[in-house]
Every structure is written in structure tokens, then in C-alpha cells.
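Q: here is a sequence with its predicted model. Questions after.
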Amino acid sequence: MTPVLPLALAGIAWITRLAVVLRLWNAPRKNGEHCFLAQPVGARFYAGAGAGIERRFRVALTICLLLDAPVVFWLAATKQYALLAGEAFIALVLAGVANNLILAHFANRAALLAGLDDERAATAFQISMSPRRLDDHTNWLVEAVVATAIAASLVMVARAHAVAAEPWVTWNAARWLRSVDSVTAWVLYLQLGLLLLKIVFIRWRMPLPAKRTDDFRRWRTAWLSYYLGVFDALRVLLAVGLFAALVWLTLAYGATVVFVACGAGALAVFYGYVSRERRRLLTLADKIKPVELVKEFPQRTVPEGRFLAGFLFINPGNPGVLVPSDRGLALNIAHPTTYAWTAYLLGLVVLTVWVTR
């Protein structure tokens with residue numbers, strides 16, 4: 001019999017990826033014909049130097065969406081449905097990273113093709129947005145909910161191990177404990193990733209325009225608050241979801257319908273919150289029009305260092321993880337942050353495979 005839940009999870013993950021691609025499909029011209037994404041490019045850009053850049057942008061999105069198709073077909077054909085759900089989750093996370101890199105790369109590529117960097121004066125400078133400490137952007141109510149849910153979950157894990165050690169236990173306790181331990185480890189690892197992501201966003205350096213500086217600060221604050229709020233909402237969802245899953249596994253395994261219904265309700269609340277906050281951010285964007293402030297940003301300069309194929313950069317002394325290159329954007333593979341996130345993503349792959357196996 002075909003397991004419905006793993007296939008449903010894999011389907012939801014792929015539909016989410018498809019929805020993101022469809023949303024980004026026409027993103028280059030969302031600010032008008034004079035812009036590529038948020039980058040001003042001039043009125044005749046799409047009829048001239050940038051004639052093919054929109055097509056290459058869409059090709060990159062399509063490749064990102066379909067790259068794992070052979071793996072999906074193989075797992076489905078061999079009926080490894082648990083691994084299929086795990087692969088879908090990993091692909092969802094990696095696609096989120098890849099889509100953001102595609103956006104940043106093609107925006108920088110468009111600026112090079114438009115030739116605006118040569119004309120733009122260096123009227124702004126890099127500045128640390130203050131405060132940039134994690135404590136200053138911590139919602140202690142969120143932390144209390146997350147800590148309480150995780151502590152309660154660990155108590156449930158300890159109880160499960162104690163029950164499995166009882167002499168009267170006759171069922172396959174080892175497999176049951178594997179489910180309890182793997183779900184707990186997987187969710188706690190995701191919690192760590194979201195916390196690291198919060199730190200990245202808080203410490204993210206951005207330029208200040210020479211004009212309308214207060215408007216830009218207001219936009220930057222709202223932008224940062226939106227993403228930090230989404231990360232915190234995800235952390236709460238995962239922490240409470242972990243506790244609910246452990247209750248289901250250890251106390252109410254037969255109540256699958258109730259568990260799934262509660263999970264669907266929690267997801268609906270999460271998406272409702274994110275949609276509301278996104279509408280607020282878009283309303284502010286309509287007033288401030290941050291795309292107009294990009295014209296005041298400083299001239300881009302290609303840093304010193306070694307470039308590989310124009311997309312990879314090697315300079316351990318450069319503080320940037322993503323730096324301008326003569327082809328658009330390059331990843332500094334000698335930066336400690338690159339090592340840390342590569343290790344984290346590899347760990348996520350290994351852990352997800354272990355969980356699903």
C-alpha cells in the first residue's frame with residue numbers, strides 16, 4: 001500500500017517550490033521597464049544589452065526547480081517513500097538558498113550590462129546598522145515558548161526511553177525509539193539553522209544612500225523585522241510541532257486524524273501571520289519606494305582576489321561572503337561563513353537521510 005503521508009509531504013514541498021518560481025517568473029520587470037528586479041537599468045535595457053538576461057534568469061529558475069527530478073523519479077520508482085519526503089525537504093531548503101543567489105547574481109549582472117556602475121558616483125558608504133546584536137532583536141516571549149516546548153519535548157524523549165527499557169515491553173521498542181530520537185534531532189537541528197540565519201540577517205551590512213537616509217533606515221528596519229519575525233514564527237512552529245509529534249508518538253499514536261488536523265491548523269495560522277506581515281511590508285514599500293533609493297548606492301567595485309569561472313572568489317582577508325565580480329556575483333569560498341553554512345547544509349542532508357532511513 002502506498003504511504004499517503006510521505007507522498008503528501010513531498011507533493012507539498014514541490015508545489016511550494018513551483019509557487020516560488022511562478023512568483024519570481026516576472027519579477028525582473030515588477031518595478032517597470034527601467035528596472036531589472038530592484039536594479040535601475042535604463043529605459044531601453046530590455047531592447048539592448050539586456051535582451052537575453054531575462055531569459056537566462058528564467059532558465060536558471062527552471063533548472064533549480066527540475067535539477068533533482070532524476071532523484072525524485074528513482075525514489076518513487078523504487079518505492080522509497082520516506083526518503084522521497086526527506087529529499088523533497090532538502091530540495092526545498094536548497095532551492096530557497098539557490099533562488100536568492102539567482103536573484104542577487106542577475107541583479108548584479110544587469111547592473112554590469114546596463115553600464116550604470118561606471119556612471120554612478122560613490123555617494124554612499126558601507127555602515128553597520130546599529131544595533132546589530134542578537135539580544136537587541138530577541139523577542140523573549142518567543143524564546144520562552146520555544147524553550148518550554150523543547151524542554152517538554154526532551155522530557156517526553158526521556159519518558160519514551162524509560163518506557164522502552166521496561167521488561168514488559170514486547171513490541172519493537174528499538175524502532176519506536178528511533179522514530180522519537182530522529183524526529184527530535186531533526187527539529188533541533190532546524191532550530192539551530194534558524195538561529196544562525198537570524199544572526200546572519202542581524203549582522204548583514206547594507207549601504208546608506210546619501211539622500212532620503214531616514215526613509216531608507218525606516219525601510220531597512222521594517223525589512224529586517226519582517227524576516228526576523230518569520231524566522232521566530234518558524235521556530236515556534238517547529239518547537240510546538242515537535243512536542244505535538246512526540247505526544248502523538250508516545251501517548252496518542254492512534255489519533256492520526258487529530259494530529260494531522262492540528263498540524264494543518266498550525267500551518268494555516270503560520271501562513272496567515274506571514275501573509276499579514278508581508279502585506280504590511282509591501283504597504284510601506286509603496287510609500288517609500290526603496291527601488292528609487294538604489295540609485296543612490298555607492299559604485300560597485302570588484303575586490304582584489306582570485307576568481308574561478310567568475311562565480312567563485314578566493315580571498316580569506318575579504319569580509320564579504322558574496323562579492324561583485326565581472327560577471328555579476330561571486331561566492332567567497334575562503335570565508336569562514338561559507339565553511340560554516342556548507343558544513344551545516346551537509347549535516348542537514350546527512351541527518352535527513354538518517355531520519356528517513
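A: Great, that's in hand. Numbers count the residues shown, from 1 in each chain.
Q: quick check: closest non-adjacent residue to Phe190.
A: To be clear, residue 190 is Leu; Phe isn't right here. Nearest non-adjacent residue to Leu190, counting by Cβ to Cβ, 6 or more residues apart in numbering: Leu238, 5.7 Å away. C-beta coordinates here come from the backbone N, C-alpha and C atoms, glycine included.
Q: that neighbour: what's it in contact with?
A: Going by Cβ atoms under 8 Å, 6 or more residues apart in numbering, Leu238 touches 187, 190-191, 194.
Q: you'd agree Phe307 is in a helix?
A: No - going by DSSP: H, G, I helix; E, B strand; the rest coil, the assignment for Phe307 is strand, not a helix.
Q: low-confidence bits of the stretch 251-357 of the chain, can you list those?
A: Within the stretch 251-357 of the chain, the segments meeting pLDDT under 70 span 252-256, 294-300, 310, 357.
Q: where do the strands sit along it?
A: 306-308, 312-314, 322-325, 328-332 (DSSP state E, counting those that start in this stretch).
Q: same thing with the stretch 1-150 of the chain?
A: Using DSSP E, counting those that start in this stretch, strands in the stretch 1-150 of the chain cover 35-36, 39-40, 125-127.
Q: how close does Val59 get to Val200?
A: Between Val59 and Val200 the distance is 28 Å, computed by Cβ to Cβ, to the nearest Å.
Q: my guess is Val230 contacts Ser275, does it?
A: No - when contacts are counted by Cβ atoms under 8 Å, Val230 is not listed as touching Ser275 (10.8 Å).
Q: tell me how many other residues surround Cys64.
A: Residues lying near Cys64 (other Cβ atoms under 10 Å) number 21.
Q: tell me the pLDDT of it.
A: pLDDT for Cys64: 91.
Q: now Ala173
A: For Ala173, the model assigns a pLDDT of 69.
Q: distance of Ala114 from Ala160?
A: 60 Å.
Q: got CSV for the contacts of Leu238, with neighbour count, distance to Ala91 and secondary structure too?
A: Formatted as CSV, the contacts of Leu238 follow (neighbours: other Cβ atoms under 10 Å; distance: Cβ to Cβ, whole Å; DSSP: H, G, I helix; E, B strand; the rest coil):
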residue, neighbour count, distance to Ala91, secondary structure
Val187, 20, 19, helix
Leu190, 20, 15, helix
Gln191, 17, 21, helix
Leu194, 16, 18, helix
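Q: ok, those vs Ala340, which is closest?
A: Lowest distance from Ala340 to the contacts of Leu238 (Cβ to Cβ) belongs to Leu194, with 14.5 Å.
Q: hmm, back to that, mind putting the strands of the stretch 251-357 of the chain into a markdown table with distance to Ile53 and mean neighbour count?
A: As requested, those are exported to a markdown table (distance: least, Cβ to Cβ, whole Å; neighbours: other Cβ atoms under 10 Å):
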| stretch | distance to Ile53 | mean neighbour count |
| --- | --- | --- |
| strand 306-308 | 20 | 13 |
| strand 312-314 | 21 | 19 |
| strand 322-325 | 16 | 20 |
| strand 328-332 | 10 | 21 |
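Q: right, and those strands - which one's nearest Leu177?
A: Using Cβ to Cβ, the nearest of the strands of the stretch 251-357 of the chain to Leu177 is strand 328-332, at 40.4 Å.
Q: helices or strands up against the closest one?
A: In terms of contacts (3 or more Cβ pairs under 8 Å, 6 or more residues apart in numbering; DSSP states H and E), strand 328-332 is packed against helix 81-114, strand 312-314, strand 322-325.
Q: dump that strand to PDB, restricted to CA.
A: In PDB, the C-alpha atoms belonging to strand 328-332 read as follows (Å, rounded to 0.1, in the frame of the first residue of the first chain):
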ATOM      1  CA  GLY A 328      27.700  39.600 -11.600                       C
ATOM      2  CA  LEU A 329      28.200  38.000  -8.200                       C
ATOM      3  CA  ALA A 330      30.700  35.600  -6.700                       C
ATOM      4  CA  LEU A 331      30.800  33.400  -3.600                       C
ATOM      5  CA  ASN A 332      33.900  33.900  -1.400                       C
END
